[in-house]
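Undergrad: This is the structure alone, sequence omitted:
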Ligand code: B12
């Protein structure tokens, strides 16, 4: 049976240029999600964009803000070729414009890979996203396990 490979991404921290702090925290969501997915025998890789470039801060233009962590280009380089599904966490609403740019870059570079979003911003604005979690290829799934299992069923 096909082993579905999942890449989980915790995006960099996005904060206002006027902010005095940029709280660096461990990626708890990725830890929980990857442990749960691994227990179901899915193959999982995590990209913690904050932890992997904790001292890198750069200016993002639209909207203007400070980004702490890996650049979008470096995140793209870390996505393994064998990945079938990419899960991106968006915990804070102020991160959404940046995360949207990240999602657009990922879907342009990897048009065949299913991208799923989750986390508190996505859950909070279900009106915007239609389902608890948005998937760019119209697959109506509400959990990573559900979508990963769907990919297994769709495989030859
Ligand atoms: C701990 C916490 C903090 C900590 C650490 C945050 C962190 N980065 O880890 C600290 C104190 C630093 C903090 C700061 C802030 N916080 Co805070 N925080 C929380 C709190 C209490 C718990 C979050 C948590 O760790 N949960 C446990 C982890 C495991 O859950 P999780 O990350 O949500 O992930 C789960 C799901 O969301 C989902 N999931 C996550 N990602 C993905 C991805 C995919 C693909 C899928 C399928 C599922 C999925 O699965 C995970 C496992 O179940 C929440 C409220 C709450 N009860 O959740 C508020 C909360 C997230 N914080 C909030 C806010 C507003 C802030 C601040 C902006 C406050 C401020 N004015 O400064 C700052 C911003 C920090 C920043 N990075 O810029 C709001 C966010 C609202 C919003 N829509 O933006 C919340 C929701 C509280 C609230 N109701 O107001 N916070």
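TA: Happy to help now that I have it. Please read these numbers as outputs of a predicted model, since none were measured by experiment.
Undergrad: So in terms of bridging, what pairs with the residue in the chain positioned nearest to the ligand?
TA: As assessed by CB to the nearest ligand atom, the ligand sits closest to residue 118 within the chain, at 2.1 Å. All C-beta spots, glycine's among them, are computed from the backbone N, C-alpha and C. Note on residue 118: beta-bridge partners by DSSP bridges are residue 89.
Undergrad: Wait, it touches residue 144, no?
TA: Yes. The pair residue 118 / residue 144 is scored as a contact, 7.3 Å apart, by CB atoms under 8 Å.
Undergrad: which residues do these two both contact?
TA: The overlap between the contact sets of residue 118 and residue 144 (CB atoms under 8 Å, 6 or more residues apart in numbering) consists of 33, 87.
Undergrad: on that earlier part again, kindly tell me how buried the residue of the chain closest to the ligand is, as a neighbour count.
TA: Counted with other CB atoms under 10 Å, the neighbours of residue 118 add up to 22.
Undergrad: Which residue is the nearest non-sequential neighbour of residue 120?
TA: residue 91 (5.1 Å; CB to CB, 6 or more residues apart in numbering).
Undergrad: what about the one you found, which SS state?
TA: Look at residue 91: counting by DSSP: H, G, I helix; E, B strand; the rest coil, its state is coil.
Undergrad: got the contact list for it?
TA: Here residue 91 is in contact with 29, 119-121 (criterion: CB under 8 Å, 6+ apart).
Undergrad: chain center to the longest helix along the chain, what's the gap?
TA: Using DSSP state H, we find that the single longest helix of the chain is helix 96-109. Relative to the centre of its chain, helix 96-109 is centred 9 Å away, using CA atoms, centre = their mean, to the nearest Å.
Undergrad: contact partners of it?
TA: Helix 96-109 is contacted by residues 9, 11-12, 14, 60, 62-63, 65, 67, 72, 75-76, 79, 86, 88, 90, 113, 115, 117, 121, 136 when judged by CB under 8 Å, 6+ apart.
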